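Q: pasting the sequence and the predicted coordinates here, then a few questions.
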Amino acid sequence: MLQKIFSRLVRMVKFDNKVWEEIENDQEANMEALVIVLAASLLSAVGAAVSRGSISAFFASLISGVLLNWLLWSWVTMFIGTKLFQGQATFWEMARTLGYANAPVALGLLAVIPCLGPFIGLAGLVLAVVFGFLAAREALDLTTEKTIITVVIGWVILVVVNVLLNIIL
C-alpha cells in the first residue's frame with residue numbers, strides 16, 4: 001500500500017492529472033486517503049504544537065485536519081459540485097481524491113523553523129488547495145470555471161467553520 005501511495009504522490013507532484021481519475025475509481029484507496037490525511041494532519045499538528053508551545057494546539061490541529069479539512073471539505077465540495085453544477089461524484093470518490101490532495105499539509109511540520117516555518121506551512125496549504133482543485137475537477141467531471149467556484153465556496157465554508165471552532169475552543 002505504501003508503495004502505491006508514494007507512486008501516486010509522485011505523480012501528483014508531477015501534475016499527472018490521470019492520477020486523480022485513478023484514485024477516484026479505486027475503492028481500495030479509501031484507506032490510502034485516510035493514511036495520508038492522518039499522517040499529514042499528525043505532522044502538521046506536531047509543527048503547530050511546537051511552534052505555539054501548546055499541546056492543545058496539537059489536538060486542535062489534528063482534529064480539524066481530519067474532521068474538517070478532509071471529511072467536511074469532501075462533503076461540501078461533493079454537495080456543491082453535484083447540486084449546483086450537476087457534477088458526477090459520490091462522497092467517497094470525493095473523499096479519496098481530496099484525501100490525497102491533503103498530503104502537502106504535512107509541510108506544517110516545518111512551522112517549527114523560526115521566521116520561515118509559517119510560510120512553508122502556508123505554501124503547503126496553498127498546494128493542498130491546488131491539488132484539491134485538480135482532484136475535484138476530475139472527480140466531479142466539471143469545467144475549470146465551475147470547479148473554481150465549487151472549491152472557493154467550499155474553502156470559504158471551511159474557513160468560517162474553522163474560525164468559529166477556534167473562537168469556541
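A: Done, it's in.

Q: helix or strand: which one has Phe59?
A: Using DSSP states H and E, Phe59 sits within helix 55-63.

Q: mean confidence (pLDDT) on that helix, please.
A: Mean per-residue pLDDT for helix 55-63: 75.

Q: which other helices and strands contact it?
A: Where contact means 3 or more C-beta pairs under 8 Å, 6 or more residues apart in numbering; DSSP states H and E, helix 55-63 is packed against helix 29-52. For glycine as for every other residue, the C-beta is placed from the backbone atoms N, C-alpha and C.

Q: so what does the spatially most central residue of the chain look like in phi/psi?
A: By C-alpha atoms, centre = their mean, the chain has its centre lying nearest to Asn102, at 2.9 Å. For Asn102, the backbone dihedrals are phi -80, psi -10 (criterion: degrees, to the nearest 10).

Q: in this model Asp141 seems to touch Gln88, though I could be wrong.
A: Yes. Using C-beta atoms under 8 Å, Gln88 is in contact with Asp141, at 5.1 Å.

Q: neighbour count winner among those two?
A: Between Gln88 and Asp141, counted using other C-beta atoms under 10 Å, the more crowded position is Asp141 (16 against 11).

Q: so that one sits against Phe85, correct?
A: No. At 9.7 Å, Asp141 does not count as touching Phe85 under the criterion of C-beta under 8 Å.
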